[in-house]
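Participant: The sequence isn't on hand, but the structure is:
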């Protein structure tokens, strides 16, 4: 979950990670039992394992590419608040 959150800028992080997680879960997690049943029913008893392994490998590659190529926004830079304000001198 942390890897998914790190892919998005701060302003849309919650919505984008929630939407991405739930859409992926519905598409792949929701259909996996049906695909596995269909594969076993057609005589391919070991193919559900290959299907899940392939999806796991694809998700690891997508996460590695996404996190490695993510560009940090200006709001995420490590600066202290007010560092751009110069101190005023009493005259």
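Facilitator: Here it is on my side, so go on. Nothing here was measured: the structure is a model prediction, and the numbers come from that model.

Participant: hey, let's count contacts and neighbours off CA atoms from now on
Facilitator: OK.

Participant: And the contacts of the longest helix belonging to the chain?
Facilitator: Longest helix in the chain, counting residues (DSSP state H): helix 47-68. The contact list for helix 47-68, computed with C-alpha atoms under 8 Å, 6 or more residues apart in numbering, reads 3-4, 6-7, 35-36, 39-40.

Participant: Taking these, tell me the two that lie furthest apart.
Facilitator: Largest separation among the contacts of helix 47-68 by C-alpha to C-alpha: 6 and 40, giving 37.3 Å.

Participant: tell me which element the nearest residue in space to residue 4 that is not next to it in sequence falls in.
Facilitator: Excluding its sequence neighbours, the residue lying closest to residue 4 (C-alpha to C-alpha, 6 or more residues apart in numbering) is residue 17, at 5.9 Å. In the assignment (DSSP states H and E), residue 17 maps to helix 13-24.

Participant: got a pLDDT number for residue 6?
Facilitator: Per-residue confidence (pLDDT) for residue 6: 74.

Participant: Next: residue 3.
Facilitator: 69.

Participant: lowest-confidence helix or strand of the protein?
Facilitator: Ranked by mean pLDDT, DSSP states H and E, the helix or strand of the chain with the weakest confidence is helix 2-5, at a mean of 71.

Participant: So what touches that one?
Facilitator: Outside helix 2-5, the residues touching it (C-alpha under 8 Å, 6+ apart) are 13-14, 17, 21, 63, 67.

Participant: By neighbour count, which of those wins?
Facilitator: Greatest neighbour count in the contacts of helix 2-5, by other C-alpha atoms under 10 Å, goes to residue 17: 19 neighbours.

Participant: so that residue makes contact with residue 10?
Facilitator: No - Residue 17 is not in contact with residue 10 according to C-alpha atoms under 8 Å; the separation is 10.8 Å.
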